[in-house]
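sharing a model prediction with you, sequence too.
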Amino acid sequence: GENVEQHPSTLSVQEGDSAVIKCTYSDSASNYFPWYKQELGKRPQLIIDIRSNVGEKKDQRIAVTLNKTAKHFSLHITETQPEDSAVYFCAASLNTGNQFYFGTGTSLTVIP
Amino acid sequence: GAVVSQHPSRVICKSGTSVKIECRSLDFQATTMFWYRQFPKQSLMLMATSNEGSKATYEQGVEKDKFLINHASLTLSTLTVTSAHPEDSSFYICSAGGGTYYEQYFGPGTRLTVT
């Protein structure tokens, strides 16, 4: 099955700085890569996603890049704010079955 | 996005008893529902995939006789943890798919504590 690795496991940045979280996946058939933000005890919330036919996608302060050849994708958050503090998960999904396989998570702390 | 509910939000049960968790898609027909387990400070681990009207597909290492999944309608899937033990204590989250091909909508989760 798919194996998704995520780094770093924890990340602290000063407010206003950028944060980058990286994920790699193992199955070249994966073609959908969502990113989720999860606050303590709450459900994961989709913040951005990218499909394999696109190399980059941006939504205001959040961007995701995908390198299919290297099988890695990254989340970029610019101008970080304290409310960005949460755990972020990447995931990969194959076309068939639609199962999501999640990375191990990154706990982001934005220091005011 | 679509709305998915879970019930109960929290449950405490004694070791050896069974617990049923419901997952409902409130505003769309979910042809597929997924069940995840999340231990503290860990990732979401996919347990099983259920398709309406058919048997669930379990991930490797997940005991199908212990975690019974039923997806009898397009809006309801249930997970029953049978003969629960303290090591089954976890956060169980469902998600529903079918609105679009790729997206999944997550429920709020159920915190299970087995004493």
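Perfect, I can see it now.

residue numbers of chain B in contact with chain A?
Residues of chain B lying near chain A by Cβ under 8 Å from any Cβ of the partner chain: B:1, B:32, B:34, B:41-46, B:49, B:57, B:59-60, B:91, B:93, B:95, B:97, B:101-104, B:106-109, B:111. C-betas here are computed from N, CA, C, even on glycine.

let's go with 7 Å and repeat that
Counting by Cβ under 7 Å from any Cβ of the partner chain, the positions of chain B adjacent to chain A are B:32, B:34, B:43-44, B:46, B:49, B:93, B:97, B:102, B:104, B:106-109.

so which elements touch the helix-or-strand element of chain B with minimal mean pLDDT?
Least confident helix or strand of chain B, by mean pLDDT, DSSP states H and E, is strand B:104-106 with a mean of 88. The contact analysis (3 or more Cβ pairs under 7 Å, 6 or more residues apart in numbering or on different chains; DSSP states H and E) places strand B:104-106 against strand B:90-97.

ok, now how distant is residue A:71 from residue B:18?
Separation of residue A:71 from residue B:18 (Cβ to Cβ, to the nearest Å): 41 Å.

neighbour count: the two, which is higher?
The residue with more neighbours, out of residue A:71 and residue B:18, is residue A:71; 16 against 12, by other Cβ atoms under 10 Å in any protein chain shown.

pretty sure the more buried one sits against residue A:22.
No. Contact between residue A:71 and residue A:22 fails when scored by Cβ atoms under 7 Å: they sit 11.5 Å apart.

which residues in chain A form strands?
Remark: strands assigned in chain A by DSSP state E are A:4-7, A:10-14, A:19-25, A:30-38, A:45-51, A:56-59, A:62-67, A:72-77, A:86-94, A:100-102, A:106-111.

tell me what the fourth one is packed against?
For strand A:30-38, the elements it packs on are strand A:45-51, strand A:86-94, judged by 3+ Cβ pairs under 7 Å, 6+ apart.

so what touches the least confident helix or strand of chain B?
The contact list for strand B:104-106, computed with Cβ atoms under 7 Å, 6 or more residues apart in numbering or on different chains, reads A:43-44, A:100, B:1-2, B:4, B:34, B:93, B:95-97, B:99.

and the next element down the chain from that strand?
Downstream of strand B:104-106, the next assigned helix or strand under DSSP states H and E is strand B:110-114.

parallel or antiparallel, list what pairs with that following strand.
In the sheet, strand B:110-114 lines up against strand B:10-13 (parallel), strand B:90-97 (antiparallel) (DSSP bridges).

give me whichever of those is most buried.
Among the strands paired with strand B:110-114, strand B:90-97 has the highest mean neighbour count (mean count of other Cβ atoms under 10 Å in any protein chain shown), at a mean of 24.
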